[in-house]
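K.L.:
generate coordinates for the sequence data below:
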Amino acid sequence: MEPKLILATVAMIAAAPAAGAAEAMPAQPAVQQALDQSAAAWTAGRLDDFMTLYDRDPATSYVSGGQVITGYEAIRAMYAARFAGASPADSPVDLGVLTLEVLNFRALSPTYVFVLGRYHLKDRKTGEVKSGPTTLLFRRGPAGWKIISDHTG
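P.N.:
Below you'll find the model as predicted:
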């Protein structure tokens, strides 16, 4: 074998991830952690922290109640209206306590995962809980796992 070919082969082997090598954090725990952090941000009334779960791509989509919103900025604007509420600027809006329950987690590839879940939104005053299904498509990129498609009922 020629020395250049040997060096190229060695370099490819060294650069390739080991078979079965895990990411810094496997997909399911990383996605669950991101969902938990986002729900905590919602509960605290922190819009920008809540929105870190969504990919900043103009093709990111949100579907709910017959409404289709496309693009990170448009999705953020829709949520901003909810977060604006009628509270003083120095205190967060009480949007309730949000939890996200994962019912089914499917890794579609090393880069994409599908989550079937259920959101639970508890009113702090009345204790009433609203709940509904959600399907989320995540894509892993340099910033971690981000939602690229959200369908919430």
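
K.L.:
secondary structure class for residue 73?
P.N.:
Classification of residue 73 using DSSP: H, G, I helix; E, B strand; the rest coil returns helix.

K.L.:
tell me the pLDDT at it?
P.N.:
Looking at residue 73, its pLDDT stands at 96.

K.L.:
which residues does it contact?
P.N.:
Contact analysis of residue 73 by Cβ atoms under 8 Å, 6 or more residues apart in numbering lists residue 58. (C-beta placed from N, C-alpha, C; glycine too.)

K.L.:
just the helices in this protein please.
P.N.:
With helices called from DSSP state H, the chain shows them at 3-15, 27-44, 47-50, 72-84.

K.L.:
give me the contacts around the shortest one.
P.N.:
I take that to be helix 47-50. Under the criterion Cβ under 8 Å, 6+ apart, residues 37, 38, 41, 42, 76, 79, 80, 83 lie in contact with helix 47-50.

K.L.:
look up the residues forming beta bridges with the closest residue to the fourth one other than its chain neighbours.
P.N.:
Translated: residue 42. Once flanking residues are discounted, residue 42 sits nearest to residue 98: 4.3 Å by Cβ to Cβ, 6 or more residues apart in numbering. Beta-bridge pairing for residue 98 (DSSP bridges): residue 121.

K.L.:
go on, residue 130?
P.N.:
Applying DSSP bridges to residue 130 gives these bridge partners: residue 121.

K.L.:
do I have it right that it meets residue 98?
P.N.:
No. If you go by Cβ atoms under 8 Å, residue 130 and residue 98 don't touch, sitting 10.0 Å apart.

K.L.:
so what sits against both of these two?
P.N.:
Common neighbours of residue 130 and residue 98 (Cβ under 8 Å, 6+ apart) are 120, 121.
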